[in-house]
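> Show me the folded form of this:
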Amino acid sequence: MLPAPTDKAQPAPVALFVSDIHLQPALPRTTEAFFAFLQTQASRAEQLFLLGDLFEYWAGDDDLIDSYNATVADRIRKISEAGVKVFWVGGNRDFLVGSAFAKAAGLQLLEEPFAITIGERRIALVHGDAQCTDDAGYMAFRAQVRQADWQRTFLAMPLAQRKAIIADMRTGSQEAQRSKSYGIMDVNPAAIDELFRRTGSSIIIHGHTHRPARHVYVDADNASSPRVRYVLPDWDCDTKPPRGGWIAVSADGAITRHGLDGTEED
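Predicted coordinates:
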């Protein structure tokens, strides 16, 4: 399922980007695929960026008492201890990840948008949900749960109560999505333009929408230097056909998209 490591004679990527793996005990094959990715792919990179929704949900760092969650943190920590710098951007399902998990996994928490430069290419990194501005209901919910006061109140509740609330929220979200159009749950063009402008980037990498693609934006006054938006795939190896993948950026700024089936695209 997962391609073998690239020939060691070839330069290792500077950075890998992955999102929307939705780890949970109910998806053992997906979990093992992610662990294999860490061992065979991410371990060769200088940096690994986890761009949100690594977990199906995160109720708070005290849930590290769960053996599954502790194992995920430990597997990430192993590549961190091997020298890979690991970075985290919270998603709509795991934005409550905090300093305790970061310490356990040996990673650094980032605020979004976060911009990096590789090979003279400025790259903006986000999960992607903040750019789905046409979904007014979700944006109102997002604004509420990202408030520090809301989070303090929520995290003060017993863990079991938090998990029950999250389960109800997920059920409600699934029901709401059935009545939403395909377009309303995608990123808004104006929000993407603003992200390019705000970060001074020519490249955006994000997840969230589960619509892997490479979108090219050509401006009339700058046709020779198009802007590009890459959308990461979600992972699910417990159904057929399995899906998932990541993006790699080399030292010269070259960007490639990789699938779990071994496919590779620019």
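
> Which pLDDT value belongs to Ala220?
According to the prediction, Ala220 has pLDDT 72.

> Could you give the secondary structure assignment for Gln39?
helix (DSSP: H, G, I helix; E, B strand; the rest coil).

> What is the neighbour count of it?
Neighbour count of Gln39, defined by other C-beta atoms under 10 Å: 16. The C-beta positions use only the backbone N, C-alpha and C, and glycine is treated the same way.

> can you check Leu27 too?
Leu27: 19 neighbours (other C-beta under 10 Å).

> quick one: it and Pro242 touch, right?
No - using C-beta atoms under 8 Å as the test, Leu27 is too far from Pro242 to be in contact (10.7 Å).

> intersection of neighbour lists for these two?
Asp236 (C-beta atoms under 8 Å, 6 or more residues apart in numbering).

> From Asp53, how far off is Arg227?
25 Å (C-beta to C-beta, to the nearest Å).

> who's more crowded, those two?
The neighbour comparison of Arg227 against Asp53 (other C-beta under 10 Å) goes to Asp53, with 29 against 17.

> in what helix or strand does that one lie?
Assigned by DSSP states H and E, Asp53 falls within no helix or strand.

> After the longest helix seen in the chain, which helix or strand is next?
Using DSSP state H, we find that the single longest helix of the chain is helix 159-178. Later in the chain than helix 159-178, the nearest helix or strand by DSSP H and E is helix 189-199.

> ok, Arg229 touching Thr209?
No - assessed by C-beta under 8 Å, Arg229 is found out of contact with Thr209, at 10.8 Å.

> And the helices in the chain?
Under the criterion DSSP H, the chain carries helices at the ranges 28-40, 67-81, 99-105, 136-145, 148-155, 159-178, 189-199.

> Turn those into a markdown table, columns for distance to Val126 and mean pLDDT.
Listed next are the helices of the chain as a markdown table, based on distance: least, C-beta to C-beta, whole Å; pLDDT from 0 to 100:
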| stretch | distance to Val126 | mean pLDDT |
| --- | --- | --- |
| helix 28-40 | 21 | 97 |
| helix 67-81 | 20 | 98 |
| helix 99-105 | 19 | 98 |
| helix 136-145 | 13 | 94 |
| helix 148-155 | 20 | 97 |
| helix 159-178 | 20 | 86 |
| helix 189-199 | 7 | 96 |
